[in-house]
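> structure, please.
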Amino acid sequence: MADGAMWRSGRAVGDGAMGSGPLFSVKLVSMSSLFSHSQEPSGYTGEATSEVLDAVVSSVVVPGGVAHAFAGFTDHTHLWWPLEDHGIYGAGSYVEFEENLILETADDGRTSIWGTLDDWQPPFSFHATWHPGTTALWSTELRVVFQPVDAGTEVRVLHEGWEGAEDPAATRSQYASDWPGILARFARFMGAE
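Next up, the predicted model:
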């Protein structure tokens, strides 16, 4: 064959009654491409084909100390998170940090896991795989950091790992648009002007 590959077909032992065609085929590839003196395949550029998307970083300063801001963000999420626009079940549902999960519960009892906490450092930060409305298979990475500043506490969201999303570019674009408004709602809840 022109590309140096050969195809072989065969049948599994004991499967003769299932027909006369091959049950499997294996492509045998030439070993010459494994050695450094071989030429690169036609069209090979040496560059990765998938684009790495930058992290979305959004922050807000809220009045009060770090522990107060952390508690407001994690213990009282149900009071400030804009579930009417950024929830699975809409207004009337309840979002909370429960053990190692971030959950939304509908008024009829249905639940949706938004993420799994895998690094919990109160009152300074937490990290979670993040997948509201999808499965953990399509998760991104979310880190929220709480730092003291002169005016109170800076709450910084670092959202990345877009390659884990089902549609990386669209997911990143949506969160780049959404995080500033979500954090502004948190700041108002915490008493920022």
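> per-domain residue ranges of the chain.
The chain breaks down into these domains under automatic domain parsing: 1-30, 56-189.
> which one of those is the most hemmed in?
Neighbour counts (mean count of other CB atoms under 10 Å) averaged over each of the domains of the chain peak at domain 56-189, with a mean of 16. For every residue, glycine as well, the C-beta is placed using N, CA and C.
> can you give the distance of that domain from its chain's centre?
Remark: domain 56-189 is offset 12 Å from the chain centroid, using CA atoms, centre = their mean, to the nearest Å.
> worst mean pLDDT among the domains of the chain?
For those, mean pLDDT drops lowest on domain 1-30, to a mean of 45.
> at which residues are the helices of this protein located?
Assigned by DSSP state H, the helices in the chain fall at 66-74, 77-80, 168-189.
> so the longest one versus helix 66-74, what angle?
With axes from the mean of the first three to the mean of the last three CA atoms, to 10 degrees as the basis, helix 168-189 and helix 66-74 are set at 120 degrees to each other.
> ok, residues contacting helix 168-189?
Contact partners of helix 168-189, identified using CB atoms under 8 Å, 6 or more residues apart in numbering, comprise 51, 53-54, 56, 58-62, 72-73, 76, 79-82, 86, 140, 155, 157, 159, 162, 165.
> now, those that are in strands?
The strands, defined by DSSP state E, take in V56, S58, S59, V60, V61, V62, T140, V155, V157, H159 from the contacts of helix 168-189.
> pipe the residues you listed into a markdown table and attach distance to A184 per row.
Formatted as a markdown table, those follow (distance: CB to CB, whole Å):
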| residue | distance to A184 |
| --- | --- |
| V56 | 15 |
| S58 | 10 |
| S59 | 11 |
| V60 | 7 |
| V61 | 11 |
| V62 | 11 |
| T140 | 21 |
| V155 | 11 |
| V157 | 12 |
| H159 | 16 |
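> nice, that's everything, thank you.
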